[in-house]
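# Sequence plus predicted model, see below.
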Amino acid sequence: MWIWPQGALLSTGKPNIEWLVMRFDIVTLFPEMFSAFLTAGITRRAFESGQVDVKLLNPRDFAAGNYRRVDDRPFGGGPGMIMMAEPLTLCLQAIRAQRAKSPPVVLFSPVGRQLNHSMVTRWAQSEGAILICGRYEGIDQRFIDAHVTEQISLGDFVLSGGEIPAMALLDAVARLQPGVLNTADSHQQDSFNPALDGLLDCPHYTRPEVWSGLGVPEVLLSGHHEQIESWRRRQRLTLTAALRPELIDQARRAGNLSVADEAFLAGFA
Ligand SMILES: C[S@@+](CC[C@H](N)C(=O)[O-])C[C@H]1O[C@@H](n2cnc3c(N)ncnc32)[C@H](O)[C@@H]1O
């Protein structure tokens, strides 16, 4: 018999909707940056329907004094300003007061683990999180030590703030939700997807058949599905071997390369 976890049912016996919805609370000094993102493109369906529920909170609204100050100079000297722990903590408390369960607290930071497909898949199946967007030189370490459960980086470069990484994560998560893409499961045809053994995507072409004197690979016009699929597989193998050989090694270790794949790669190498 299925036993509902504590808090999953309301006192009326009905399911608590908070347990069923994916919710991301974004803590940002620039909530206005998200308006175009949340209302444009294919992922807007997920956000507008609440399938991926996004709430925006500004730590400045939780800051003390007339100036609502959220940053101060670093102890020990040095350039720039540091986001203060207190407004962030009050903001976090306000979010937690609205949520039935205490969600993970993610900080976007260059020191975090680099975002990849398997992390996105995990978040796409989660109940969401509180996402903290840093600004200035970063955040008081005491806040990080006290509250942050995971740090995520977008890559080995430095941005001005965590808003773009937050949007990158939300976009990647939203497009994996059922019904968001026009063609169901089309994300399975994308690079890194386990359905394609983690390889890179193959090249794509569309009309006209001749553009600027350049044609389209003959096989794609043949209507022969088996040959098209085989051409695409070989293109994926070629591209991945040339650009990301470690993904070929991963696929090989996972036992995902067929005898035909190996023979093709041996000829290509
Ligand atoms: C100017 S950066 C601070 C960089 C920090 N002093 C360092 O060198 O690691 C301001 C904020 O942008 C965000 N950020 C910058 N680069 C990022 C990256 N590669 N991945 C994720 N977040 C990043 C973080 O939230 C960070 O607190």
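Now that the structure is in, tell me what you want to look at.

# Skip ahead from whatever helix or strand Phe108 lives in and say which helix or strand is next.
Secondary structure assignment for Phe108, by DSSP states H and E: strand 105-114. Next in sequence after strand 105-114, counting helices and strands by DSSP H and E, comes helix 117-124.

# Who are the packing partners of that following helix?
helix 163-174 (3 or more CB pairs under 8 Å, 6 or more residues apart in numbering; DSSP states H and E). (C-beta placed from N, C-alpha, C; glycine too.)

# Nearest residue to Ala63 in space, please, no chain neighbours.
Nearest residue to Ala63, sequence neighbours excluded (CB to CB, 6 or more residues apart in numbering): Pro87, at 4.2 Å.

# can you tell me which residues contact the one you found?
Residues near Pro87 by CB atoms under 8 Å, 6 or more residues apart in numbering: 59-60, 62-64, 70.

# How about Glu163?
Neighbours of Glu163 in contact, by CB under 8 Å, 6+ apart: 28, 30, 33-34, 133.

# If we use 6 Å, what do you get?
Residues near Glu163 by CB atoms under 6 Å, 6 or more residues apart in numbering: 28, 30, 33, 133.

# now do Pro59
By CB under 6 Å, 6+ apart, the contact list for Pro59 reads 27, 70, 87-88, 91.

# Pick out the most distant pair among the contacts of Glu163.
Met33 and Cys133 (8.9 Å; CB to CB).

# out of these two, which sits in the more crowded spot?
Neighbours per residue, other CB atoms under 10 Å: of Met33 and Cys133, the larger number sits with Cys133, 26 against 17.

# So the more buried one sits against Ala166, correct?
Yes - Cys133 is within contact range of Ala166, at 5.4 Å (criterion: CB atoms under 6 Å).

# Could you count how many residues lie near the residue of the chain found nearest the ligand?
Closest approach between the chain and the ligand, counting by CB to the nearest ligand atom: Gly134, at 2.2 Å. Number of residues near Gly134 (other CB under 10 Å) recorded here: 25.

# If we ignore the residues flanking it in sequence, what's nearest Ser160?
Arg135 is the one closest to Ser160 (CB to CB, 6+ apart), at 7.2 Å.

# Just the pLDDT for that neighbour.
Note for Arg135: predicted pLDDT of 98.

# ok, now Leu56?
If you check Leu56, the pLDDT there is 98.

# One more: Ser153?
pLDDT, Ser153: 98.

# what does the stretch 101-250 of the chain put close to the ligand?
Counting by CB under 6 Å from any ligand atom, the stretch 101-250 of the chain comes close to the ligand at 108-111, 133-135, 137-138, 153-155, 157-162, 165.

# For the residues you listed, I'd like a selection string for ChimeraX - just the buried members, please.
Written as a ChimeraX command, the selection of buried residues from those, which uses 16 or more other CB atoms under 10 Å, is:
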select :108,109,110,133,134,135,138,153,154,159,161,162,165
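
# Off-centre distance for stretch 112-119?
When distances are taken as CA atoms, centre = their mean, to the nearest Å, stretch 112-119 is centred 8 Å away from the chain's centroid.

# Mind listing what's buried along stretch 65-73?
For stretch 65-73, a neighbour-count test (16+ other CB under 10 Å) marks 70-71 as buried.

# Could you check that stretch against the ligand for contacts?
No - Stretch 65-73 lies apart from the ligand when judged by CB under 6 Å from any ligand atom; the minimum separation is 11.1 Å.
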